[in-house]
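[1] Could you look at this predicted model? Sequence included:
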Number of protein chains: 2
Amino acid sequence: MTTDERRRPDARPRAFEEVLARSEERIGADGLTVGDRLPGERQLAEQLGVGRSSVREALRVLETLGVVASQAGRGPDAGAVLTSRPGNALTDLLRLHLGLATLSMREVIDTRLMIEQWAAARAATANATANAAAPARTAAQTAAQTTEAQAAEAQAAEARTAEAETATARMAEAVAAMDAARDPAEFVKHDIAFHLALAEAAGNRLIVAVMRALRDALRRYAVDAVVRLGDTGGLQDDHRRIHRAIEDGDSVAAAAAVAEHLARAYPDSGPDS
Amino acid sequence: MTTDERRRPDARPRAFEEVLARSEERIGADGLTVGDRLPGERQLAEQLGVGRSSVREALRVLETLGVVASQAGRGPDAGAVLTSRPGNALTDLLRLHLGLATLSMREVIDTRLMIEQWAAARAATANATANAAAPARTAAQTAAQTTEAQAAEAQAAEARTAEAETATARMAEAVAAMDAARDPAEFVKHDIAFHLALAEAAGNRLIVAVMRALRDALRRYAVDAVVRLGDTGGLQDDHRRIHRAIEDGDSVAAAAAVAEHLARAYPDSGPDS
DNA sequence: AGACCAAATATGGTCAGACCATACATCCTG
DNA sequence: CAGGATGTATGGTCTGACCATATTTGGTCT
């Protein structure tokens, strides 16, 4: 019932963990953001009073988590640069734990269904409000915007709306590309693009990152499913229905279409399998 | 539109990446599972023709992803042992990327809403079918079970059902503990236990791991929310309604109760905030 | 025979130093 | 001023040494 920390319960922290903690501290305190550089490995080692190898292990952890990327050489792009790529970490995490049988395909596919239904409904709702708000946008801009925060939020909202629009456009492009696909692998490639665009249309980067990892993990599985089905016409009908429902702002129809689509693609993975 | 691999596009792999690849290969091929040990660092280095430091960096990555845990000393528990703790990796991932402002609280909270609604509906549905199946179980067991796979699946399903039952029991315990809580921090502690049990009741380990990470990231935020509300009576009413809906097998009511609960806890984070 | 203590040993943890590869910066030359 | 040669800061890698920890082994005393 407690923490279940079977290993390293109270051991003194290892040197690289200290480096990790201090680095994170520093990122938060100094307000470092994506693109900024960390000190060099040798300098960092001296500052923190540890060996360079410990610094390197800490950087390896940060790199694994998609927070830094290292580049040798000299100049503004060299060194350990802060980035923001959580996707690879999630992908690796899924792949390894699927390999260890910690996770089952059923769990991954169920999670995918959850996300896509939510994303489709969310994207449709966002589209509906955007459509309704568009005529009133000019009027809203004439009204006084009292605080900077409000202005920033309005700008962010507009950016999200624009991003959602390009996302739905990418969905349509992906459908066309699937029509033109000549083999299952190519079809799946654009299928992934379609479903990723669907997640992006919902405007949540965390969801997008998880979705990307799920699809990477399921890639082979998806190709097999396409081969098994033989005919991709039904899948494409589904894709068009999903896209149309989102454009129409019909969240219920969008969620239903996604559910039917995944039931068709993975018929043996229903809630009661 | 391509891979956007700005860094290390085609560079030859680093030594530790080779170690990583070979180790993963080995895990898959040799059928290693949780509890098995990897060779020692020195031995691994010699086998793969790299320095020990490269082996250590690879092990650090695996440890970060929750796949191995290292322990010094001698004996069966020493060395790099395969484990399966994806939770810490997810927690670290969220924390760091929230710190870098790659992710916003809104995105995390929306994701939590998605998961909890899904989990509540799923748990309720599972409970409903379990209730319906219970009287017929003896009859089913008398029927011939043709294949081993069927028997294994039936056993797994029963295990899931049992786990779901203990999960709903833990939900009730957590509600009682929250009633007895003397300060917001303690309340939130049991609140997290409640919502984690909710995720567990849905029977999906991936969802549970993500949920755990989300709640860890939101812990401080949740305490603030409780303090702001002042009265926890409304939250407890919600908790009881969620628990009852799941026990009754009413998935629609369960999802609705969760939505209302989170709207109460985070009123400023609605879909259109 | 058994209990207990000491030494050996296997394992990860850490550091220092050296060298290589890379890529920009600088300077020198024509 | 253009262009190449050199310098230099950076990560990547290996080696070897030593420390810390925990089990195994073996010896010694009762």
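    Arrived safely. What you see is a predicted model; the values in this text were computed from it and never measured. Residues are numbered from 1 along each chain as shown, chains lettered A, B, ... in the order given.

[2] A:Arg60 touches B:Leu59, doesn't it?
    No: A:Arg60 is beyond contact range of B:Leu59, at 9.7 Å (criterion: CB atoms under 8 Å). Every C-beta, even on glycine, is put in place using the N, C-alpha and C of the backbone.

[3] Only the buried residues of stretch A:18-35, if you could.
    Across stretch A:18-35, burial judged by 16 or more other CB atoms under 10 Å in any protein chain shown covers A:18-20, A:23-24, A:27, A:32.

[4] swap that for stretch A:69-89, sorry
    A:69-71, A:79-89.

[5] Which members of the residues you listed occur in strands, if any?
    A:69-71, A:79-82 (DSSP state E).

[6] Looking at those, which one is closest to B:Asp36?
    Proximity of these to B:Asp36 (CB to CB) peaks at A:Ser70, which lies at 31.5 Å.

[7] what residues are up against the closest residue to that closest one other than its chain neighbours?
    Nearest residue to A:Ser70, sequence neighbours excluded (CB to CB, 6 or more residues apart in numbering or on different chains): A:Ala80, at 5.0 Å. Neighbouring residues of A:Ala80 by CB atoms under 8 Å, 6 or more residues apart in numbering or on different chains: A:37-38, A:40-41, A:59, A:62, A:68-70.

[8] With A:Thr232 instead?
    Contacts of A:Thr232 (CB under 8 Å, 6+ apart): A:178, A:181, A:187, A:226.

[9] Turn those into JSON lines, including neighbour count and secondary structure.
    Converted to JSON lines, the contacts of A:Thr232 look like this (neighbours: other CB atoms under 10 Å in any protein chain shown; DSSP: H, G, I helix; E, B strand; the rest coil):
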{"residue": "A:Met178", "neighbour count": "21", "secondary structure": "helix"}
{"residue": "A:Ala181", "neighbour count": "16", "secondary structure": "coil"}
{"residue": "A:Phe187", "neighbour count": "22", "secondary structure": "helix"}
{"residue": "A:Val226", "neighbour count": "20", "secondary structure": "helix"}
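
[10] got a list of what A:Ala172 touches?
    So A:Ala172 contacts A:His243 (CB under 8 Å, 6+ apart).

[11] Let me know the distance separating it from A:Ile242.
    11 Å (CB to CB, to the nearest Å).

[12] Can you tell me which helices and strands the strand or helix carrying A:Trp118 packs against?
    Assigned by DSSP states H and E, A:Trp118 belongs to helix A:105-133. Packing partners of helix A:105-133 (3 or more CB pairs under 8 Å, 6 or more residues apart in numbering or on different chains; DSSP states H and E): helix A:86-99, helix A:148-180, helix A:184-201, helix A:205-229, helix A:233-248, helix A:251-265, helix B:105-133, helix B:205-229.

[13] Redo those as CSV? Include mean pLDDT.
    Output for the helices and strands packed on helix A:105-133, formatted as CSV (pLDDT from 0 to 100):
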stretch, mean pLDDT
helix A:86-99, 95
helix A:148-180, 82
helix A:184-201, 96
helix A:205-229, 93
helix A:233-248, 96
helix A:251-265, 95
helix B:105-133, 89
helix B:205-229, 94
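
[14] between those helices, which gets nearest to DNA strand C?
    helix A:86-99 (18.4 Å; CB to the nearest atom of the strand).

[15] Dump the C-alpha coordinates for the closest one into PDB.
    Taking C-alpha atoms only, helix A:86-99 is exported to PDB below (Å, rounded to 0.1, in the frame of the first residue of the first chain):
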ATOM      1  CA  PRO A  86       8.300  14.300 -26.100                       C
ATOM      2  CA  GLY A  87       7.200  12.100 -28.900                       C
ATOM      3  CA  ASN A  88      10.300   9.900 -29.200                       C
ATOM      4  CA  ALA A  89      10.300   9.100 -25.500                       C
ATOM      5  CA  LEU A  90       6.700   8.000 -25.600                       C
ATOM      6  CA  THR A  91       7.300   5.900 -28.700                       C
ATOM      7  CA  ASP A  92      10.300   4.200 -27.100                       C
ATOM      8  CA  LEU A  93       8.300   3.700 -23.900                       C
ATOM      9  CA  LEU A  94       5.500   1.900 -25.600                       C
ATOM     10  CA  ARG A  95       7.700  -0.200 -27.800                       C
ATOM     11  CA  LEU A  96       9.800  -1.500 -25.000                       C
ATOM     12  CA  HIS A  97       7.000  -2.200 -22.600                       C
ATOM     13  CA  LEU A  98       5.100  -3.900 -25.400                       C
ATOM     14  CA  GLY A  99       8.200  -6.000 -25.900                       C
END
